[in-house]
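>>> I would like the atomic coordinates for the input below:
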Amino acid sequence: QVQLVESGGGLVRPGGSLKLSCTASVRTFTIYDIAWFRQAPGKEREFVAAISRTGGATPFADSVKGRFGISRDYWRTAYLEMHSLNAEDTATYYCAADDRAVPTPSRVAAEYSNWGQGTQVTVSQ
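Residues are numbered from 1 along each chain as shown. Below is the predicted model of the structure:
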């Protein structure tokens, strides 16, 4: 098991940017695919982006493609860079880790067994 801690959320105006961080408690960070999900009030948790163990695969949800970027270092932290934010991006953002060694990082929340506590992102005037 790995503990994950998200940070970097906050209040931002429409069109603005934020960079979220996901820091892991283990030194074996490179065995995990890392994904970001988000959940808005009254809605289901949805996939945002993921990055494979090697960084070679980075699937994105269509709703964020071209606006969000994902990266990781090879120590303990993954990042989600968000640009051109709009009200529909308002949600609690969660990072998740998967050590199943699948060919491509999953877009399915149920396949991730390790989750952070979430960080709130609010896009508003």
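>>> phi, psi of the nearest residue to Q3 once chain neighbours are set aside?
Take Q3 and drop its neighbours on the chain: the residue closest to it by C-beta to C-beta, 6 or more residues apart in numbering is S25, 3.9 Å away. To be clear about C-beta, it is placed using only N, CA and C from the backbone, and glycine gets the same treatment. Backbone torsions for S25, taken as degrees, to the nearest 10, come to phi -90, psi 0.
>>> and what of G69?
phi -130, psi 150.
>>> List the beta-bridge partners for it.
Each beta-bridge partner of G69 is listed here: E81, as defined by DSSP bridges.
>>> Check I51 too.
Note on I51: beta-bridge partners I34, judged by DSSP bridges.
>>> Burial check on it, number of neighbours?
23 (other C-beta atoms under 10 Å).
>>> what's near enough to touch it?
Applying C-beta atoms under 8 Å, 6 or more residues apart in numbering, we find I51 in contact with D33, I34, A35, A57, T58, I70, S71, R72, A78, P105.
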